[in-house]
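Student: Need coordinates for the following:
(one chain, ligands or ions: 1)
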Amino acid sequence: MVHNSTSSHQQLQASPHDPLIIARQEEVVQLLKQIIEPTLKNDIVSLGMVRNLRIVDDYVYLRLYIGSRQQQLEAEIKTVLSLLSWCKKAYIQVCTIPGVKTTLAISSGKGGVGKSTTAVNLATALKVSGAKVGLLDADVYGPNVPQMLGLGKSEVQVIDTPNGQRFLPLQAYGIKVMSVGLLAEPDRPLAWRGPVLHKIITQFIHEVEWGELDYLLIDLPPGTGDAQITIVQESPICGVILVTTPQQVAVSDVRRNIYMFRQVGVPVLGIIENMSYFINSSGEQTSIFGTGGGQKLADELKAPLLGEVPIDPRICKGGDTGEPVILADPHSTTSQVFVQIAAALDATFFSMLNAQMATSSGNSIKIGDR
Ligand SMILES: Nc1ncnc2c1ncn2[C@@H]1O[C@H](COP(=O)(O)OP(=O)(O)OP(=O)(O)O)[C@@H](O)[C@H]1O
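Tutor: Next comes the predicted model:
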């Protein structure tokens, strides 16, 4: 079960002052909490799927953020709200990315901890397992996914669709890829701010022709700024994976990050500790940045530790050559960690991977099992 331990009420509803509206709002929340999302086995309010709840006179307004496999929830909401004697009509705005079943975000409290590396390798592991995968590089401050997938100088096409013009994602190793970096001029820093940033991000989420995807992974910008909050609020993210390193400073940044997600009502699926240890030529493990930071944080924040990724020169090399380590060296310890995490995600969302992959290196992880 995926938990969202801090209530998602801030994101869910405005703060009215009229006692009648407050009472009605609470009544609606209690009814909505009876609806359980069958895959994640938790209620749709705790999962942050219901946002912007408003009661105006005898009408209920809300936004429902779902993946393409969760359409039935709209009808379930209408059924439970029909029990309200005072409610004349419930207006439900369904927010989804067409064709995308599950949207997951990869985030980090600070830059340079390996967030994009994680996003690229998880996307590749999911793809290798047979899933249809898209990767949206929304890191407006350092969009390096195209280079990590060998797409350095590619041009983005715009196509006409029945719903208007759409960006056509590029393809790398069968993964559909779109990046803010593909729209920027080479070697020029992206300096988008305020409304421009908001518009670009919103376009990226809603105006890409992804086709049918099992997973869309979003590589978020680091930190807890405007760009990150906009993406999280605008997209039907089912959960977020946080990347940290064992160093204390990275750990405290991720702590801030986790609280931000919980405040906006998006479940934290777990933490990945990157650069956990180094394996020398004799196969011995050495901790370079200290030990246990990821586990300590996971315990404190009641979010599972999904995996510990070693420091591996092949990761750097893969980032430079555009071939992820999962493909360049699939049997390495590093690749197996990513395969295990992908298998655990898939076990939570689809159970699509074959059992052999999920258990290939022993202890499998269960997402959100606390
Ligand atoms: N486990 C690892 N072993 C060796 N090198 C790594 C590892 N993880 C990441 N790196 C390297 O560290 C650098 C930063 O990684 P990456 O770009 O993924 O970080 P990031 O958190 O996305 O950074 P930014 O916030 O700047 O986008 C890259 O050169 C990458 O190859």
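Student: Do the helix or strand encompassing residue 272 and the ligand come into contact?
Tutor: Using DSSP states H and E, residue 272 sits within strand 268-279. Yes - if you take Cβ under 6 Å from any ligand atom as the test, strand 268-279 does meet the ligand, through 274-275. Every residue, glycine included, has its C-beta placed from N, CA and C.
Student: Adjacent strands (with direction) for that strand?
Tutor: On the basis of DSSP bridges, the sheet neighbours of strand 268-279 come out as strand 237-244 (parallel), strand 285-286 (antiparallel), strand 305-311 (parallel).
Student: any chance of those in a markdown table, with mean neighbour count too?
Tutor: Shown next, in a markdown table, are those (neighbours: other Cβ atoms under 10 Å):
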| stretch | mean neighbour count |
| --- | --- |
| strand 237-244 | 28 |
| strand 285-286 | 12 |
| strand 305-311 | 22 |
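Student: Worst mean pLDDT among those strands?
Tutor: Lowest mean pLDDT within those: strand 285-286, a mean of 80.
Student: pLDDT of the next helix-or-strand element following that strand, averaged?
Tutor: Past strand 285-286, further along toward the C-terminus, the next helix or strand under DSSP H and E is helix 293-301. Averaging the model's pLDDT scores along helix 293-301 yields 80.
Student: And stretch 150-162, by the same measure?
Tutor: 85.
Student: got the buried residues for that stretch?
Tutor: Within stretch 150-162, the residues that qualify as buried are residue 151, counting by 16 or more other Cβ atoms under 10 Å.
Student: end-to-end on it?
Tutor: From the first residue to the last, stretch 150-162 extends over 31 Å; the measure is Cα to Cα, to the nearest Å.
Student: For the residue nearest the centre of the chain, give me the pLDDT.
Tutor: Centroid-nearest residue in the chain, with Cα atoms, centre = their mean: residue 105, separated by 1.6 Å. As summarised for this prediction, residue 105 has a pLDDT of 94.
Student: Test my guess that it contacts residue 229.
Tutor: No - at 11.8 Å, residue 105 and residue 229 do not qualify as touching, with contact defined as Cβ atoms under 8 Å.
Student: Which residue ranges of the stretch 51-200 of the chain form helices?
Tutor: 72-81, 115-128, 145-148, 194-206 (DSSP state H, counting those that start in this stretch).
Student: Please convert these to JSON lines, extending it with distance to the ligand and mean neighbour count.
Tutor: Formatted as JSON lines, the entries for the helices of the stretch 51-200 of the chain read as follows, by distance: least, Cβ to the nearest ligand atom, whole Å; neighbours: other Cβ atoms under 10 Å:
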{"stretch": "helix 72-81", "distance to the ligand": "33", "mean neighbour count": "15"}
{"stretch": "helix 115-128", "distance to the ligand": "3", "mean neighbour count": "28"}
{"stretch": "helix 145-148", "distance to the ligand": "7", "mean neighbour count": "24"}
{"stretch": "helix 194-206", "distance to the ligand": "16", "mean neighbour count": "15"}
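Student: The stretch 151-300 of the chain against the ligand: which residues are in contact?
Tutor: Taking Cβ under 6 Å from any ligand atom as the criterion, the stretch 151-300 of the chain approaches the ligand at residues 222, 274-275.
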